[in-house]
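In: Quick one, structure for this:
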Amino acid sequence: MTLNNNYSHILMPDFFVRKIEQYVSDFHLDFGCGNGWFTNYLASRYEDIRIIGYDIPESLDYAKRLFKKIGMPHTDSLTQLSSIAPFDSATLTFVLHETDDPVLERVHGLLREGSYVCILDYELRGKDEQEFRNLFTAELEQEEINRLGIDEAYRIHTSKGIDECVNLGESIGFKTLEKEVMLDKYYIWVGYKS
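Out: Have a look, this model is predicted:
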């Protein structure tokens, strides 16, 4: 990959980004891209990789405007993703905890053999409500609490953790390459499709 140093706006800690970047390959899927900032970051940083952003229609409103402006492909169609697959790598950043939908199984089906999936998510399972309140303090996290209410935010963010991610990933055919809990509230898991 060719590094483009003209992009400096990063919305998550550098060490998360560095861990994730090492698993980004030539044709990359940012599954659950949300507002598109991480998809845009990767595309701006690496000029010779192709990146597609995917999310549900209601999550893509801002991303559509951003991606149209910079000419980056994005879609809200799983059918379209299937037609251009297989991908060489995929990221899911803060996606898995939000859904009971089989997103990881879908991603597995969109990846070629020998590819990587990298998941960054919350590791809050087992925390009591006070611990959750003490850890869930970033500005965007507080906005989410205000929007959902503390009970619903607590339920969503403590329902799954790294163990559930590893078990699910391995049960559908990924081999665990890396798993790490960081800052007592996040985890990264990397799976390899062999």
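In: Can you give the domain ranges for the protein?
Out: As assigned by automatic domain parsing, the chain contains the domains 14-125+160-193, 127-159.
In: and the first one, how far out from the chain's middle?
Out: Distance of domain 14-125+160-193 from its chain centroid, counting by C-alpha atoms, centre = their mean, to the nearest Å, is 4 Å.
In: thinking again about what came up before, may I see the domains of the chain arranged in JSON lines, with mean pLDDT and mean neighbour count as well?
Out: For the C-beta atoms, the positions are set from N, CA and C on the backbone; glycine is no exception. Below are the domains of the chain laid out as JSON lines (pLDDT from 0 to 100; neighbours: other C-beta atoms under 10 Å):
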{"stretch": "domain 14-125+160-193", "mean pLDDT": "91", "mean neighbour count": "18"}
{"stretch": "domain 127-159", "mean pLDDT": "93", "mean neighbour count": "14"}
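In: show me where the protein has strands.
Out: Remark: strands assigned in the chain by DSSP state E are 27-31, 50-54, 74-75, 87-93, 111-122, 174-182, 186-193.
In: possible to save those strands as CSV with distance to V166?
Out: Formatted as CSV, those follow (distance: least, C-beta to C-beta, whole Å):
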stretch, distance to V166
strand 27-31, 18
strand 50-54, 23
strand 74-75, 29
strand 87-93, 14
strand 111-122, 10
strand 174-182, 6
strand 186-193, 6
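In: For the closest residue to I162 other than its chain neighbours, list each beta-bridge partner.
Out: In space, and not counting its chain neighbours, I162 is closest to Y187: 4.1 Å by C-beta to C-beta, 6 or more residues apart in numbering. Counting by DSSP bridges, Y187 is bridged to D121, V181.
In: Quick check: the nearest residue to C33 once chain neighbours are set aside vs E143, distance?
Out: In space, and not counting its chain neighbours, C33 is closest to G53: 3.5 Å by C-beta to C-beta, 6+ apart. Distance, G53 to E143, using C-beta to C-beta, to the nearest Å: 22 Å.
In: F27 now?
Out: Separation of F27 from E143 (C-beta to C-beta) stands at 33 Å.
In: Touching, L29 and S82? I think so.
Out: No - using C-beta atoms under 8 Å, L29 is not in contact with S82; the gap is 11.3 Å.
In: Name the residues contacting each of the two.
Out: Taking C-beta atoms under 8 Å, 6 or more residues apart in numbering as the contact rule, L29 and S82 both touch L110.
In: all helices for this structure, in order.
Out: Here the chain has its helices, by DSSP state H, at 14-21, 37-45, 61-70, 78-84, 103-110, 129-135, 139-148, 150-157, 162-171.
In: In terms of secondary structure, what does the third one contact?
Out: In terms of contact count using 3 or more C-beta pairs under 8 Å, 6 or more residues apart in numbering; DSSP states H and E, helix 61-70 is assigned the packing partners helix 37-45, strand 74-75.
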